[in-house]
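Student: model the following, please.
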Amino acid sequence: MFIPTTLDEVKKRGWDALDIIIVSGDTYIDSSYNGAAIIGHWLIDNGFRVGIICQPDMEGLDDISRLGIPRLFWSVTSGTVDSMVANYTPTNKFRKDDDFTPGGINNRRPDRACIAYTNLIKRFNKERLIVLGGVEATLRRFAHYDFWSDSIRRSILLDAKADIVTYGMAELSNLELAQCLDEGRDWHSVRGLCYISNTVPDGYLVTPSFEECKENSSDFIRSFKLFYTNNDPTTAKGVAQPHANRFFIQNPPAPLISQEQFDRIYELDYEDAVHPYYLEQGPVKAMETIRNSVTVVRGCYGECNFCAIALVQGRTVVSRSEESVIREVKRMASRKGFNGRINDVGGPTANMYGIECTKKKLHGACQDKRCLFPTACRSLPIDHSKYMHLLQEISKVKGVKKVAISSGIRYDMIVADRDHGNEFLRYVCENHVSGQMKIAPEHTSDEVLNYMGKPGKDVLFQFKSKFDEINKELGKDQFLTYYLIAAHPGCTERHMIELSDFCRNRLKTNPEQIQIFTPTPSTISTMMYCTRRDWEDKNNIKAEHSMQMKQRQKDIVLKPDMKVRRDVVQRSGRNEGKGRRR
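Tutor: Predicted coordinates:
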């Protein structure tokens with residue numbers, strides 16, 4: 001059942017008013033792939049009355065006021081991605097298209113959507129709390145580098161003049177907040193919340209202030225480290241950051257959801273469709289991307305330096321039960337118009353299903369090492385048998401003819417799985433690949449890969465050799481396609497020449513999927529991009545800031561010619577390695 005988006009729908013539910021109103025920068029797709037829909041259904045399932053307003057008109061108040069004033073709070077999100085990432089390309093050009101807007105034209109999502117929507121709500125209603133959530137609020141909650149203004153910005157909570165941030169996936173923190181407000185209890189100790197205070201709670205760590213971060217790169221790095229290393233639900237402490245004469249307070253993260261909660265959340269009564277109110281305004285391309293797709297895993301222990309998933313979903317992987325997944329697939333297969341194809345069985349990384357370190361579950365994520373970088377940790381029991389069995393069981397569901405895997409696959413995990421890696425790869429190639437398998441090595445220079453937090457190129461070549469050998473045995477003409485990144489911190493034109501040569505000479509491919517690095521707020525790579533310093537603040541690193549030169553790095557691979565190569569070789573000896581501090 002859809003979450004109400006008009007007063008008529010509220011009345012049909014038998015409700016006289018709403019407890020919470022969600023405001024989102026995406027159109028309303030009622031699906032478990034939409035964070036606003038998840039939070040809305042979860043709160044309704046726990047007894048609260050929730051409505052949703054998507055992409056409200058910013059000019060007047062008729063749209064934002066159409067559901068009235070909530071009894072407890074407004075919940076604001078930019079949508080599934082940061083609004084500046086959604087609105088601008090990596091070279092800072094405005095995006096004309098938006099897959100999450102009816103009709104596909106990017107004309108409904110304001111820049112800095114959390115701030116814009118908060119201001120819009122305050123024009124209508126100043127009495128109720130405004131709670132920011134989702135990716136934008138999560139990544140911008142502390143003082144952070146903003147690529148689009150090329151500056152250190154203060155916490156989004158202060159810029160928006162909102163009241164609370166619920167960070168991460170936030171089902172548990174939103175529910176506890178709603179319960180506290182409903183029962184008249186103090187909410188300031190709820191885990192997973194941030195707020196502004198005149199004092200620092202006992203035992204909380206204090207970072208360098210926003211003003212210090214803005215003036216000094218070493219202070220910014222120290223602040224970032226305290227923020228980044230206090231995101232684990234088991235080990236994190238509360239953190240405070242001074243902003244002028246007040247403090248931004250971050251409570252420790254909310255606990256991880258259990259498998260039972262994960263199952264329950266993803267089996268709520270989603271319509272898996274665009275709400276008719278918004279569908280009348282035009283087709284929504286994103287709906288076709290997520291249709292008949294199943295989320296089976298949350299979190300990622302890959303922790304790539306340029307990726308925000310670990311900050312939003314966490315470094316600990318939680319998997320749904322096989323029984324829950326099969327129930328969802330059966331529901332999909334019984335739906336009118338089902339074409340027999342399951343488009344994805346995954347999450348941030350599909351082949352992390354059923355795999356997690358028992359030490360991490362008990363003691364939290366390690367502070368001094370990572371699960372997969374530079375190589376897989378011995379404590380991580382990489383075993384693809386559970387995921388393989390899940391795919392086999394889904395394939396047996398009546399009406400299912402084809403099961404695809406569209407989520408990312410960590411090829412280094414397949415290489416590291418000595419017991420079932422080859423068996424899994426053979427099974428996937430035989431049953432779940434249709435001509436090509438997409439993987440994301442991101443680069444092939446070990447120097448750049450080190451800055452990215454990705455495994456070395458030797459592992460990639462081992463995987464390619466296995467893939468080619470298996471497909472030859474199967475008699476299948478299948479190939480790999482590679483996602484690659486240009487202009488990442490530490491990457492120079494010389495590295496892009498190495499990448500181009502490796503792809504053509506060793507991988508036997510002409511790369512096409514190359515994106516320019518986007519400095520998403522609050523990732524390690526963005527910290528390096530901003531400061532031109534490494535994680536330890538010991539070494540200067542090259543960080544290309546010129547849009548023209550970023551594009552040139554990309555073109556070295558896409559359009560290789562001798563003139564470009566000669567220019568790079570001549571210039572590299574003179575200009576590269578001159579990292580400088582902000």
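
Student: all strands for the stretch 101-250 of the chain, in order.
Tutor: Ranges of strands in the stretch 101-250 of the chain, per DSSP state E, counting those that start in this stretch, are 129-132, 144-146, 151-153, 164-166, 193-197, 205-206, 239-243, 246-250.

Student: give me whichever of those strands is most buried.
Tutor: Mean neighbour count (mean count of other Cβ atoms under 10 Å) peaks for strand 164-166 among the strands of the stretch 101-250 of the chain, with a mean of 27. Bear in mind the C-beta positions are built from the backbone N, C-alpha and C, glycine included.

Student: check the offset of whichever helix in the chain runs longest from the chain's centre.
Tutor: Looking across the chain with DSSP state H, the single longest helix is helix 457-474. Counting by Cα atoms, centre = their mean, to the nearest Å, helix 457-474 is centred 29 Å from the centre of its parent chain.

Student: ditto for stretch 199-215
Tutor: From the chain centre to the centre of stretch 199-215 is a distance of 26 Å (Cα atoms, centre = their mean).

Student: please apply the same query to stretch 85-94.
Tutor: Put simply, stretch 85-94 sits 17 Å off its chain's centre (Cα atoms, centre = their mean).

Student: give me the distance between the two termini of it.
Tutor: Stretch 85-94 has an end-to-end distance of 10 Å (Cα to Cα, to the nearest Å).

Student: what sits up against it?
Tutor: 25, 78-79, 95, 98, 100, 106, 109, 111, 147-148, 487, 515-518, 520, 547, 550-551 (Cβ atoms under 8 Å, 6 or more residues apart in numbering).

Student: again with stretch 233-240
Tutor: Contacts of stretch 233-240 (Cβ under 8 Å, 6+ apart): 142, 191, 197, 200-201, 203-207, 226-227, 229-230, 247-256, 314, 316, 362-365, 367.

Student: buried ones in stretch 552-563?
Tutor: 552-554, 556-557, 560 (16 or more other Cβ atoms under 10 Å).

Student: tell me which of these is nearest to residue 184?
Tutor: residue 554 (56.2 Å; Cβ to Cβ).

Student: which ones are touching the closest residue to the closest one other than its chain neighbours?
Tutor: Nearest residue to residue 554 in three dimensions, chain neighbours excluded: residue 486, at 4.1 Å (Cβ to Cβ, 6 or more residues apart in numbering). By Cβ under 8 Å, 6+ apart, the contact set of residue 486 is 496, 514-517, 550, 553-554, 556-557.

Student: quick one: which of the residues you listed sit in helices?
Tutor: Going by DSSP H, the helices hold 496, 550, 553-554, 556-557 from the contacts of residue 486.

Student: could I get those as CSV with distance to residue 15?
Tutor: Formatted as CSV, these follow (distance: Cβ to Cβ, whole Å):
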residue, distance to residue 15
496, 58
550, 51
553, 55
554, 52
556, 59
557, 56
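
Student: which single one of those is nearest to residue 10?
Tutor: For those, the nearest to residue 10 is residue 550 (48.5 Å; Cβ to Cβ).

Student: ok so, going back, for the longest helix of the chain, buried residues please.
Tutor: Within helix 457-474, the residues that count as buried by 16+ other Cβ under 10 Å are 457, 459-460, 463-464, 466-467, 470-471.

Student: rebuild these as JSON lines, extending it with pLDDT and distance to residue 289.
Tutor: Shown next, in JSON lines, are the buried residues of helix 457-474 (pLDDT from 0 to 100; distance: Cβ to Cβ, whole Å):
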{"residue": "457", "pLDDT": "95", "distance to residue 289": "31"}
{"residue": "459", "pLDDT": "97", "distance to residue 289": "29"}
{"residue": "460", "pLDDT": "97", "distance to residue 289": "27"}
{"residue": "463", "pLDDT": "97", "distance to residue 289": "26"}
{"residue": "464", "pLDDT": "97", "distance to residue 289": "27"}
{"residue": "466", "pLDDT": "97", "distance to residue 289": "29"}
{"residue": "467", "pLDDT": "97", "distance to residue 289": "25"}
{"residue": "470", "pLDDT": "98", "distance to residue 289": "28"}
{"residue": "471", "pLDDT": "97", "distance to residue 289": "27"}
